[in-house]
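Q: missing the sequence, but the structure's below:
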Ligand SMILES: Nc1ncnc2c1ncn2[C@@H]1O[C@H](COP(=O)(O)OP(=O)(O)OP(=O)(O)O)[C@@H](O)[C@H]1O
Ligand SMILES: CCCCCCCCCCCCC/C=C/[C@@H](O)[C@H](CO)NC(C)=O
Ligand SMILES: [Ca+2]
């Protein structure tokens with residue numbers, strides 16, 4: 001009775017309490033060891049709930065109830081079911097896309113073994129699509145999917161798969177609302193469906209930076225309890241033409257070159273990033289150009305704050321997207337030779353860099369942290385890169401500057417409208433290509449590529465605007481590590 005009162009009364013103030021009920025099952029007798037004799041007319045009932053574990057992990061636990069009185073037992077079950085049904089933030093019907101080729105190619109297995117049983121326990125029904133080719137999920141969402149049927153979309157894969165879902169949902173929402181994506185100044189309409197990410201990729205940066213861990217069970221439980229975290233999305237344009245959306249890293253120079261090289265080594269799996277990272281570090285190419293940016297002056301934080309974006313952080317959405325003409329005067333310009341130009345719209349924390357490229361970046365503040373790494377010695381660049389993995393301030397170096405911005409543009413030196421792209425496409429940059437593949441040569445190619453959330457962009461000259469809280473995820477942001485009394489004293493019913 002003590003337990004039943006706890007469980008019946010607690011779950012409905014759920015957000016921050018330790019135990020959140022996931023679902024309720026009337027188990028067959030063979031699954032449980034009865035504490036006292038049971039008969040088929042008095043089967044035990046099992047309530048599954050969420051329990052926090054170490055390092056931002058969540059796990060599922062069960063409490064089994066026995067009740068000798070059939071009517072009372074039925075009343076318990078009925079009450080719990082009614083209360084769970086009344087929680088409108090919880091999804092009841094989901095559209096799931098699985099990339100069978102992401103990361104270590106374990107997507108289907110992860111979903112079937114770890115996630116589907118939890119969704120079933122929580123009475124969530126699903127339509128599952130295993131993708132057959134790249135952009136399958138994006139195109140299905142854009143045109144075909146009957147979105148009205150669902151309370152959310154879940155992707156099983158890595159950052160590339162998440163990016164497909166974002167492109168499909170955002171494009172569909174704009175089309176249905178008559179918004180032209182090609183105009184860089186257009187204010188985009190936020191997507192209503194939340195997105196869940198079951199990590200099964202190589203970097204899993206979005207999942208890691210929004211949950212604190214890339215663990216499929218934890219992510220599935222955040223979906224089940226109906227968490228919601230708004231997130232910024234950048235739109236990337238070239239000559240008034242829409243190119244792509246980005247929600248984590250836009251990187252030119254080092255990260256662009258790492259990606260371009262690693263794409264040719266997909267067969268290596270997640271290890272390709274280490275190999276290409278080391279190779280690119282050795283080539284040490286720099287790129288010349290001008291970065292102009294609109295600083296975010298109306299916000300409280302800076303990229304060098306000690307505070308981090310954590311669950312419950314409140315932003316001011318009304319200050320977010322601003323059109324160019326209104327603010328044209330406030331733009332700053334930095335010209336020079338750069339080893340890397342990175343725009344981190346979130347921390348970009350991942351297992352390789354637990355604090356991320358910009359540890360103090362916020363998920364939903366309508367800004368991106370623009371990190372400019374000027375040409376410097378290999379030794380200094382290594383010091384900068386190693387700070388991605390240490391506790392030291394990675395911006396505290398003379399050749400690194402960081403600005404929190406709402407918009408920015410990059411124009412490579414010698415860029416003349418579309419001649420840049422023509423040159424690349426016609427293969428006339430043969431010399432550059434030879435240098436790129438030839439670490440001993442000290443010549444730098446004229447252009448790098450942009451790494452846009454793990455996809456290569458064909459243009460070097462781009463214009464970027466941040467759209468505040470354009471999408472929502474089934475997470476709550478990274479929780480501060482609390483003191484867990486229930487880790488030390490697990491519930492006695494277990
Ligand atoms: N069935 C498929 N066959 C081939 N490619 C696919 C398929 N489904 C999706 N893709 C593409 O695979 C690419 C990589 O997928 P994903 O992001 O899941 O894994 P990853 O690249 O290993 O991980 P990360 O992006 O975290 O580094 C995505 O860009 C996606 O468009
Ligand atoms: C020579 C030693 C170098 C060590 C430096 C390690 C730093 C690694 C930082 C990785 C940050 C990755 C940010 C995430 C980007 C994603 O958008 C993208 C797609 O998954 N991933 C990559 C690797 O481009
Ligand atoms: Ca941001």
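A: Ah, there it is. Computed from a predicted model, the values in this text were never measured in an experiment. Ligands and ions are numbered 1, 2, ... in the order given.
Q: strands of the stretch 201-350 of the chain, start to end?
A: Along the stretch 201-350 of the chain, counting by DSSP state E, counting those that start in this stretch, strands occupy 229-238, 241-246, 249-253, 287-295, 332-344.
Q: list the helices and strands the fourth one packs on?
A: Read it as strand 287-295. strand 332-344, strand 368-374, strand 400-412 (3 or more Cβ pairs under 8 Å, 6 or more residues apart in numbering; DSSP states H and E). From N, CA and C alone the C-beta is placed, and that goes for glycine too.
Q: could you redo the ones you listed as a markdown table and give each row distance to ligand 2, mean neighbour count and mean pLDDT?
A: Formatted as a markdown table, the helices and strands packed on strand 287-295 follow (distance: least, Cβ to the nearest ligand atom, whole Å; neighbours: other Cβ atoms under 10 Å; pLDDT from 0 to 100):
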| stretch | distance to ligand 2 | mean neighbour count | mean pLDDT |
| --- | --- | --- | --- |
| strand 332-344 | 8 | 20 | 95 |
| strand 368-374 | 12 | 25 | 97 |
| strand 400-412 | 14 | 22 | 95 |
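Q: just put the ones you listed in CSV and tack on distance to ligand 1.
A: As requested, the helices and strands packed on strand 287-295 are exported to CSV (distance: least, Cβ to the nearest ligand atom, whole Å):
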stretch, distance to ligand 1
strand 332-344, 16
strand 368-374, 19
strand 400-412, 23
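Q: can those strands go into JSON lines with extra columns for distance to ligand 3?
A: Below are the helices and strands packed on strand 287-295 laid out as JSON lines (distance: least, Cβ to the ion, whole Å):
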{"stretch": "strand 332-344", "distance to ligand 3": "8"}
{"stretch": "strand 368-374", "distance to ligand 3": "6"}
{"stretch": "strand 400-412", "distance to ligand 3": "9"}
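Q: got TSV for those strands, with distance to residue 353 too?
A: Converted to TSV, these look like this (distance: least, Cβ to Cβ, whole Å):
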stretch	distance to residue 353
strand 332-344	11
strand 368-374	13
strand 400-412	15
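Q: is residue 370 in a bridge, and if so with what?
A: Beta-bridge partners recorded for residue 370 (DSSP bridges): residue 343, residue 403.
Q: got a list of what it touches?
A: If a contact means Cβ atoms under 8 Å, 6 or more residues apart in numbering, then residue 370 has 291, 293, 341-343, 402-405, 408 as its contacts.
Q: let's see 7 Å
A: Residues near residue 370 by Cβ atoms under 7 Å, 6 or more residues apart in numbering: 293, 343, 402-403, 405, 408.
Q: how about residue 336?
A: Each residue near residue 336 by Cβ under 7 Å, 6+ apart is listed here: residue 374.
Q: okay, now the domains of this structure?
A: 11-87, 89-227, 234-417+445-468 (automatic domain parsing).
Q: ok, which residues in the chain are in contact with ligand 3?
A: Residues of the chain found near ligand 3 (Cβ under 5 Å from the ion) are 232, 345, 362, 365.
Q: wait, the first one touches residue 369, no?
A: Same thing as residue 232. No: contact criterion Cβ atoms under 7 Å: residue 232 and residue 369 do not qualify, at 11.3 Å.
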